[in-house]
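Participant: I need the structure of the sequence given here:
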Amino acid sequence: MGDTSVEHVEHVPGPRLAPWVQSAVGYRLTGFPAGVHVGMPSGSLTLVIPLGQRLAVADGSAAPREYGAVLAGLSDAPSFIHHDGTQYGVQLALRPAAPRALLGVPASELAKRSYELADLVGVAAERLREQVDTAGSWQERFILVDRMLATLLAGAEGQPVASPEVSEAWRVIRRTGGAVPIRRVAAHVGWSMRRLQTRFHAEFGLAPKAAAVVTRFERSVPLVARGALSLSEIAVLCGWSDHAHMDRDWRALAGSAPTRWRNEDALVGT
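Facilitator: All right, here's what the predicted structure looks like:
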């Protein structure tokens, strides 16, 4: 590997966007070997505006597709980012309620695949990509992205929101790190298991149990990347019964075992 360079700039959206945007970062990674970076399942939707070149993303076993800007929905399977050793752009993690607030649709309508942003919001996405690409600083880029999101927010105002029971079920699963039994979640919100499973899936595109597994997995990813703990320790810490149980879930959610991912994905830890 030659000289590598890593730049990460974090951004905190204003109070109007804070309920919908979990995090925002500008990134520039150069000098890495070309390869495939795993887009990990998480409890948020991912919005990426690449700079300099389009982003090549493959959902599961599908062929890679190039995006001018991409929105990836909630999923319990990995996506794969094909790169030439350089990654440059703005990335936002959007909360599951964001699709209703910004686009007027539940997260389930975007689940388990990636979308060209222009197909969802029209020419505003193409205009944003051009403006962000020519902006002179990260601050200017974040302002442009925030402005577009605020415009979408105003346009979707008045759309229906998720039921309180479904929203609370999601909060409980996330707050407990995915460790709470789903029957207990159903009892907590006053629903039967069948009703919770049906309504939860209709809102998020994932079953409650899948959301719990993704939550445990998401917690384990940075621990695996750092390598300071054994995999057995990480498994117990994140709520799996043992290392083998974690390994099975990792193969389904990341496409490989934890150690292989850490060793083979050049962008791990960046």
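Participant: Show me what the longest strand anywhere in the chain is packed up against.
Facilitator: When the chain is parsed with DSSP state E, its longest strand is strand 21-30. In this structure, strand 21-30 packs against strand 5-11, strand 87-94, helix 138-155, with contacts taken as 3 or more C-beta pairs under 8 Å, 6 or more residues apart in numbering; DSSP states H and E. Using the backbone N, CA and C atoms, a C-beta is placed for each residue, glycine as well.
Participant: The helix or strand following that strand packs against which elements?
Facilitator: Next along the chain after strand 21-30, taking DSSP states H and E as the criterion, comes strand 35-39. Other helices and strands packing on strand 35-39, by 3+ C-beta pairs under 8 Å, 6+ apart, are strand 79-83.
Participant: what residues does stretch 198-207 touch?
Facilitator: Defining contact as C-beta atoms under 8 Å, 6 or more residues apart in numbering, one finds that stretch 198-207 is touched by 73-76, 96, 106-112, 162-163, 165-166, 169-170, 191, 197, 208, 211, 214.
Participant: ok so, going back, CA atoms of the longest strand of the chain as CSV?
Facilitator: The C-alpha trace of strand 21-30 is given here as CSV (Å, rounded to 0.1, in the frame of the first residue of the first chain):
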residue,chain,number,x,y,z
VAL,A,21,-30.5,13.0,10.7
GLN,A,22,-28.6,10.8,13.1
SER,A,23,-25.1,11.8,11.8
ALA,A,24,-23.4,13.5,8.9
VAL,A,25,-19.8,13.3,7.8
GLY,A,26,-17.6,14.5,5.0
TYR,A,27,-14.9,12.0,4.0
ARG,A,28,-11.9,11.7,1.7
LEU,A,29,-9.9,8.5,1.6
THR,A,30,-7.0,8.2,-0.9
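Participant: buried residues in stretch 239-259?
Facilitator: Neighbour-count burial for stretch 239-259, counted by 16 or more other C-beta atoms under 10 Å, picks out 239-240, 243, 246-247, 249-250, 253-258.
Participant: one step back: would you mind listing which of the contacts of stretch 198-207 are buried?
Facilitator: Among the contacts of stretch 198-207, those classed as buried by 16+ other C-beta under 10 Å are 73-76, 96, 106-108, 110-112, 162, 165-166, 169-170, 191, 197, 208, 211, 214.
Participant: Show me the shaky parts of this protein.
Facilitator: Filtered on pLDDT under 70, the chain yields the residue ranges 1-2.
Participant: and if we set it to 50?
Facilitator: 1 (pLDDT under 50).
Participant: what does the domain assignment say about it?
Facilitator: As assigned by automatic domain parsing, the chain contains the domains 5-155, 164-264.
Participant: of all those domains, which lies closest to residue 270?
Facilitator: Nearest to residue 270, of all the domains of the chain, is domain 5-155, at 5.1 Å by C-beta to C-beta.
Participant: Please compute how far that closest one lies from its chain's middle.
Facilitator: Centroid separation for domain 5-155 versus its chain: 9 Å, with C-alpha atoms, centre = their mean, to the nearest Å.
Participant: Span of it from start to end?
Facilitator: One end of domain 5-155 sits 39 Å from the other (C-alpha to C-alpha, to the nearest Å).
Participant: repeat for stretch 154-162
Facilitator: For stretch 154-162, the end-to-end distance is 18 Å (C-alpha to C-alpha).
Participant: That one: which residues count as buried?
Facilitator: Residues of stretch 154-162 classed as buried by neighbour count (16+ other C-beta under 10 Å): residue 162.
Participant: can you list contacts of it?
Facilitator: Defining contact as C-beta under 8 Å, 6+ apart, one finds that stretch 154-162 is touched by 97, 100-104, 106, 167, 203.
Participant: If we use 6 Å, what do you get?
Facilitator: 100, 102, 104, 203 (C-beta atoms under 6 Å, 6 or more residues apart in numbering).
Participant: before we move on, the earlier item: now the helices and strands packed on strand 21-30 in JSON lines, with distance to residue 268?
Facilitator: Output for those, formatted as JSON lines (distance: least, C-beta to C-beta, whole Å):
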{"stretch": "strand 5-11", "distance to residue 268": "12"}
{"stretch": "strand 87-94", "distance to residue 268": "13"}
{"stretch": "helix 138-155", "distance to residue 268": "23"}
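Participant: Single out the most deeply packed of the ones you listed.
Facilitator: The highest mean neighbour count among these, using mean count of other C-beta atoms under 10 Å, belongs to strand 87-94: a mean of 21.
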